[in-house]
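> test case, fold it:
(chains A, B, C and D)
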Number of protein chains: 2
Amino acid sequence: MSAREKILDTALKLFNDKGTAAVSTNHIAEAAGISPGNLYYHFRNKEEIIRELFQRLNTTWETYQPLPQDRAPIINDLEAVIKSNYQIIWQYRFAYRELVALLRQDAELRANFLAVRQRGYEGFHQLLHTFSDAGAIRLPDDPQIANELQEICWLISEFWLTSLEVNGRKVNEAEMQRGVNLIRRVIQPYLA
Amino acid sequence: MSAREKILDTALKLFNDKGTAAVSTNHIAEAAGISPGNLYYHFRNKEEIIRELFQRLNTTWETYQPLPQDRAPIINDLEAVIKSNYQIIWQYRFAYRELVALLRQDAELRANFLAVRQRGYEGFHQLLHTFSDAGAIRLPDDPQIANELQEICWLISEFWLTSLEVNGRKVNEAEMQRGVNLIRRVIQPYLA
DNA sequence: GTCTATATAATGATAGAC
DNA sequence: GTCTATCATTATATAGAC
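Alright, predicted model coming up:
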């Protein structure tokens, strides 16, 4: 593995473990088994490492094909999508825990992340309508209500894992399933 | 105002503006118009300042009387409660943005905060049943479902403002009302 | 209680040898 | 590309005068 990759992998692990503030470039270099000077050969500073990790995250979201293409989607597919979302968020949990701070201190990072996120939100909108067209759910006729339901589901997706952590709960398969259940509960009254 | 109060007020403002990581004890002292040495006379370190701010927040939650005592509650009272919650969270927004990190690095702070939060959650449970008894809402018979609904409402309460900030939206009365509407949307199918 | 001065350590970042 | 050595800057924390 290249030094650059080692730095990024190590930084992700440390950020997830201790938060970006508590991790210095020296810590990253030491944990990656390289010298501080070498780290600065590959990255200008910590901000650039964070930016690159966000870039990885963005790529993950962008290349992510949530639904099976060979058949009409059923309601269980929605659960699978949400679970995949949780997995990705957990992989980059430092980003979601510190989102407000990280986005504020770096305009470029904010622009890129929000653009990808916006596409994701639109994709989720499409997804719900795909399920609706396939007869798996019955979206309310009032688009305002449908939008509110989507917004609630999105918020749960994005913050459920953080909420678990605040509660001091282990994040595991079972707890992720509980997060899926909550979203199901929101749309339950609108199931076909 | 005493130096101690000045330090706490200034720290809260700076933490809310820039995040705890970007604010040093020197910054706080300078903005408060006192010397660094004086700050260390009143507080052992930044952690203790954060701890004291959390103590204030805890006191705010504990002394908080959400419902009018002189009459049976109506559904609009629930909206008022949620709005008050948003106001308090916004006042201490640094805490909610960085909750996972802050709770992890200070066991005493975590214990106190979680105890107060747990009582708040139980109070919210009570509240819903008060509304149910007063006929303002009709809670589902299945307690599991009722608990899930409560959990969803709680999550929206706690993370709606952060979600707004991630979206780059101004946090104002209208947006808080939207957050109230989302919670209303969750319980809408269970209204009397 | 409050200040100035200062010690100690950590962090971010660069220069130059290999 | 990678290292060692180094440095300027900042942050934390304390001592001692007033």
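
> which SSE is the residue of chain A found nearest DNA strand D in?
Across chain A, the shortest distance to DNA strand D (C-beta to the nearest atom of the strand) belongs to A:Gly37, at 2.3 Å. (C-beta placed from N, C-alpha, C; glycine too.) In this assignment (DSSP states H and E), A:Gly37 forms part of helix A:36-42.

> mind giving me the domain ranges of chain A?
A:1-43, A:46-190 (automatic domain parsing).

> including distance to DNA strand C, mean pLDDT and mean neighbour count, could the ones you listed go into TSV?
Output for the domains of chain A, formatted as TSV (distance: least, C-beta to the nearest atom of the strand, whole Å; pLDDT from 0 to 100; neighbours: other C-beta atoms under 10 Å in any protein chain shown):
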stretch	distance to DNA strand C	mean pLDDT	mean neighbour count
domain A:1-43	3	98	17
domain A:46-190	5	95	17
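
> can you convert those into a markdown table and add a column each for distance to B:Trp90?
Listed next are those as a markdown table, based on distance: least, C-beta to C-beta, whole Å:
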| stretch | distance to B:Trp90 |
| --- | --- |
| domain A:1-43 | 23 |
| domain A:46-190 | 13 |
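
> how about those domains in CSV, adding distance to chain B?
Shown next, in CSV, are the domains of chain A (distance: least, C-beta to the nearest C-beta, whole Å):
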stretch, distance to chain B
domain A:1-43, 4
domain A:46-190, 4
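
> quick test: name the residue nearest the centre of chain A.
Ranked by distance to the mean C-alpha position of chain A (C-alpha atoms, centre = their mean), the top residue is A:Ile89 at 3.3 Å.

> pretty sure that residue sits against A:Leu161.
Yes - A:Ile89 is within contact range of A:Leu161, at 5.7 Å (criterion: C-beta atoms under 8 Å).

> between these two, which contacts overlap?
A:Tyr96 (C-beta atoms under 8 Å, 6 or more residues apart in numbering or on different chains).

> how close does the residue of chain A closest to DNA strand D get to B:Glu47?
Separation of A:Gly37 from B:Glu47 (C-beta to C-beta, to the nearest Å) stands at 32 Å.

> after the lengthiest helix in chain A comes which helix or strand?
Ordering each helix of chain A by length in residues (DSSP state H) puts helix A:107-133 first. Taking DSSP H and E as the definition, the helix or strand that follows helix A:107-133 towards the C-terminus is helix A:143-166.

> the helix or strand following that following helix to helix B:173-187, inter-axis angle?
Tracing the chain past helix A:143-166, the next element assigned as helix or strand by DSSP H and E is helix A:173-187. Here helix A:173-187 runs at an angle of 100 degrees relative to helix B:173-187 (axes from the mean of the first three to the mean of the last three C-alpha atoms, to 10 degrees).

> tilt between helix A:173-187 and helix B:143-166?
Compare the direction of helix A:173-187 with that of helix B:143-166 by the same axes, to 10 degrees and you get 90 degrees.

> who's in contact with helix A:173-187?
Against helix A:173-187 from outside (C-beta under 8 Å, 6+ apart): A:79, A:82-83, A:86-87, A:137, A:149, A:152-153, A:156-157, A:160-161, A:164, A:169, B:145, B:148-149, B:151-152, B:155, B:186.

> what parts of chain A come near DNA strand D?
A:2-4, A:33-38, A:41-42 (C-beta under 7 Å from any atom of the strand).

> now distance to A:Thr10 too, for those, in JSON lines please.
JSON lines is the format used below for those (distance: C-beta to C-beta, whole Å):
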{"residue": "A:Ser2", "distance to A:Thr10": "12"}
{"residue": "A:Ala3", "distance to A:Thr10": "10"}
{"residue": "A:Arg4", "distance to A:Thr10": "11"}
{"residue": "A:Gly33", "distance to A:Thr10": "8"}
{"residue": "A:Ile34", "distance to A:Thr10": "9"}
{"residue": "A:Ser35", "distance to A:Thr10": "13"}
{"residue": "A:Pro36", "distance to A:Thr10": "13"}
{"residue": "A:Gly37", "distance to A:Thr10": "16"}
{"residue": "A:Asn38", "distance to A:Thr10": "12"}
{"residue": "A:Tyr41", "distance to A:Thr10": "15"}
{"residue": "A:His42", "distance to A:Thr10": "12"}
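
> identify the farthest-apart pair in those.
A:Ser2 and A:Pro36 (17.5 Å; C-beta to C-beta).

> if we can go back for a sec, the helix holding A:Gly37 packs against which elements?
When contacts are defined as 3 or more C-beta pairs under 8 Å, 6 or more residues apart in numbering or on different chains; DSSP states H and E, helix A:36-42 packs onto helix A:3-18, helix A:25-32.

> next SSE downstream of it?
Per DSSP H and E, helix A:36-42 leads on to helix A:46-62 as the next helix or strand towards the C-terminus.

> for that next one, name the packing helices and strands.
For helix A:46-62, the packing partners by 3+ C-beta pairs under 8 Å, 6+ apart are helix A:3-18, helix A:25-32, helix A:75-91, helix A:93-97, helix A:107-133.

> how big is the angle separating that helix from helix A:107-133?
On the basis of the same axes, to 10 degrees, helix A:46-62 is oriented at 20 degrees to helix A:107-133.

> how much space between the residue sitting furthest away from the middle of chain A and A:Asn26?
Using C-alpha atoms, centre = their mean, the residue of chain A lying farthest from its centre is A:Gly37. It sits 31.9 Å away. Distance check for A:Gly37 against A:Asn26: by C-beta to C-beta, it reads 11 Å.

> before we move on, what about A:Trp61?
Counting by C-beta to C-beta, the gap between A:Trp61 and A:Asn26 amounts to 31 Å.

> same check on A:Arg178?
Distance, A:Arg178 to A:Asn26, using C-beta to C-beta: 39 Å.

> what's near enough to touch the closest residue to A:Leu57 other than its chain neighbours?
Leaving aside its chain neighbours, A:Leu57 sits nearest to A:Tyr92 (4.7 Å; criterion: C-beta to C-beta, 6 or more residues apart in numbering or on different chains). By C-beta under 8 Å, 6+ apart, the residues touching A:Tyr92 are A:12, A:16, A:53, A:56-57, A:60.
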